[in-house]
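>>> Sequence first, predicted model second:
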Amino acid sequence: MLIEIKNMVKNYEIGDILIPALKDINLNIEFNEYVAIMGPSGSGKSTLMNILGCLDTPSTGHYFFRGTDVSTLDDDALSAMRNREIGFIFQNFNLLPRLNSLQNVELPLIYAGTPPPERRERAEQALERVGLSDRMSHKPSELSGGQRQRVAIARALVTNPGILLADEPTGALDTRTGEDIMALFQAIHNEGNTIIIITHEQDIANHAARNIYLRDGEIHSDRIKN
């Protein structure tokens, strides 16, 4: 089992008011699954994404990643897990404008202390994997939106993470470019990667083999395609 969530609750305190964001969530995700997590604004999907990405912790309950109870980890261990095991992909790419594609992709490896020769080789391989071997020296301002997202995907892949966690990955793209990015996700999944996409768009969720729908902080439905 890659991910196991047991009786997870997440509350936020605003003054004297307790705001429930997630209510008694139970969820398992296997290795090499392709999952879309859906829900309207306020459903809890962003909160769940933050917990899955080790950016936040539950109020009660447990989140196990590869059998490790994430709630028992200190900040340094959480940071190391994020860097090693989770590849993040965001709607607005989050690329550093002064760095070229290769340098942006190298960043997680710099944080991990990877030696420069290995770092460069792995970053080049990741960019080749997403079809950007001819754009390694280009800065984000010299790339199209789809190319920027491909750089972001390469950056997420470069550490060989346990999961790719994508937050509205086509939200800043036109429809055709978005479909190209979703085709790339499918190819990456076919190579054995676990992918979790957070989206409010059903046509994007349809690319995933499993759709989990949240409503009012609870799992309303969990469907696997035949």
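That came through fine.
>>> can we go C-alpha only for contacts and neighbour counts from here?
Fine.
>>> How about the contacts made by Ile198?
Contacts for Ile198 were tallied using C-alpha atoms under 8 Å, 6 or more residues apart in numbering; they are 36-38, 45-46, 49, 165-168.
>>> try it again with 10 Å
Each residue near Ile198 by C-alpha atoms under 10 Å, 6 or more residues apart in numbering is listed here: 35-39, 45-46, 48-49, 90, 165-169, 204-205, 212.
>>> out of those residues, which are inside helices?
45-46, 48-49, 204-205 (DSSP state H).
>>> can you give me the helices for this structure?
45-52, 75-85, 101-111, 116-129, 145-157, 175-190, 202-205.
>>> Between those helices, which one is closest to Ser137.
helix 101-111 (6.0 Å; C-alpha to C-alpha).
>>> next one: that closest one to chain centre, how far?
17 Å (C-alpha atoms, centre = their mean, to the nearest Å).
>>> Between helix 145-157 and it, find me the angle.
Relative orientation of helix 101-111 versus helix 145-157 (axes from the mean of the first three to the mean of the last three C-alpha atoms, to 10 degrees): 20 degrees.
>>> Next one: the spatially closest residue to Arg135 that is not a sequence neighbour relative to Ile195, how far apart?
In space, and not counting its chain neighbours, Arg135 is closest to Ser101: 6.9 Å by C-alpha to C-alpha, 6 or more residues apart in numbering. Separation of Ser101 from Ile195 (C-alpha to C-alpha, to the nearest Å): 23 Å.
>>> Run a quick check on the residue nearest to Arg135 versus Val130, I expect a contact.
No. Look at Ser101 against Val130 with C-alpha atoms under 10 Å: they stay out of range, at 11.8 Å.
>>> anything in contact with each of the two?
147, 150-152, 154.
>>> Closest to Leu22 out of these?
For these, the nearest to Leu22 is Ala152 (28.8 Å; C-alpha to C-alpha).
>>> any idea which residue sits dead centre in this structure?
Leu165 (1.2 Å; C-alpha atoms, centre = their mean).
>>> which residues does that residue bridge with?
Bridge pairing for Leu165 (DSSP bridges) gives the partners Phe88, Ile196.
>>> my guess is it meets Thr194, correct?
Yes. Using C-alpha under 10 Å, Leu165 makes contact with Thr194 at a distance of 8.7 Å.
>>> Now the common contact residues for the two.
With C-alpha under 10 Å, 6+ apart as the test, Leu165 and Thr194 both reach Val35.
>>> Excluding covalently adjacent residues, which one is nearest to Pro169?
Closest to Pro169 by C-alpha to C-alpha, 6+ apart is Gln91, at 4.6 Å.
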